[in-house]
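A.B. asks: Below is the sequence, then the predicted model.
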Amino acid sequence: MSASLLRRGLELLEAPGRGKAPPGLQRGRDGPRTAGAARRRKRAPEPGRNKATVKGRVVKSAIEEYHKKAAVNHLRANLQYMLKRQFVANKAITEQVLAQNRGRKSKDQPPKKAAKKKPEGTVFTEEDFRKFEREYFGRP
């Protein structure tokens with residue numbers, strides 16, 4: 001880490017009541033034309049008035065800004081609104097909305113309803129079997 005960065009960091013962390021070190025304790029090179037003269041002129045600004053701000057501007061509280069932009073929970077008001085109404089939506093419209101909100105993944109799809117099977121029975125009666133037996137095998 002360079003000495004100038006270290007110096008800037010110490011200036012930022014310095015207690016507000018303390019000032020600069022006395023001139024006798026500061027280290028520096030002799031003469032005004034030293035290599036660090038330009039750096040000293042460009043040193044970090046003192047904590048104080050920021051000249052880049054607009055005159056008369058009021059600093060806003062960060063807490064107030066946070067409360068303005070914080071998400072509001074509308075659950076209670078929505079529940080009261082829904083419970084007041086006795087309106088029941090059309091089932092076809094409800095299914096359409098649910099289908100639109102459903103994803104394309106298989107885990108998002110509702111389980112398939114199995115069609116009810118009719119009991120398997122034959123179309124032919126016992127009499128038809130006997131008649132066929134007589135005609136085919138020649139038995140009475």
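C.D. replies: On my side now, so go ahead. Just so it is clear, the structure is predicted and the values come from calculations on it, not from any experiment.

A.B. asks: Any regions of the chain where pLDDT drops low?
C.D. replies: 1, 15-35, 43-54, 139-140 (pLDDT under 70).

A.B. asks: Any chance of the backbone angles for Arg57?
C.D. replies: When quoted as degrees, to the nearest 10, the phi and psi of Arg57 stand at phi -80, psi 140.

A.B. asks: ok, it - contacts?
C.D. replies: With contact set as CB atoms under 8 Å, 6 or more residues apart in numbering, Arg57 has no partners. Backbone N, C-alpha and C define where each C-beta goes, glycine included.

A.B. asks: Next one: Phe132 from Thr122, what distance?
C.D. replies: 12 Å (CB to CB, to the nearest Å).

A.B. asks: between those two, which one's more packed in?
C.D. replies: Each of Phe132 and Thr122 has its neighbours counted (other CB atoms under 10 Å); Phe132 has more, 11 against 8.

A.B. asks: Need the CA coordinates for the strand or helix carrying the more buried one. CSV is fine.
C.D. replies: Under the criterion of DSSP states H and E, Phe132 resides in helix 126-137. The C-alpha coordinates for helix 126-137 follow below in CSV (Å, rounded to 0.1, in the frame of the first residue of the first chain):
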residue,chain,number,x,y,z
GLU,A,126,-75.4,-67.0,-23.8
GLU,A,127,-78.1,-67.7,-26.4
ASP,A,128,-75.9,-66.3,-29.2
PHE,A,129,-73.0,-68.6,-28.1
ARG,A,130,-75.3,-71.6,-28.2
LYS,A,131,-76.6,-70.7,-31.6
PHE,A,132,-73.0,-70.2,-32.9
GLU,A,133,-72.0,-73.6,-31.4
ARG,A,134,-74.8,-75.3,-33.2
GLU,A,135,-74.0,-73.7,-36.6
TYR,A,136,-70.3,-74.1,-36.4
PHE,A,137,-69.9,-77.5,-34.8
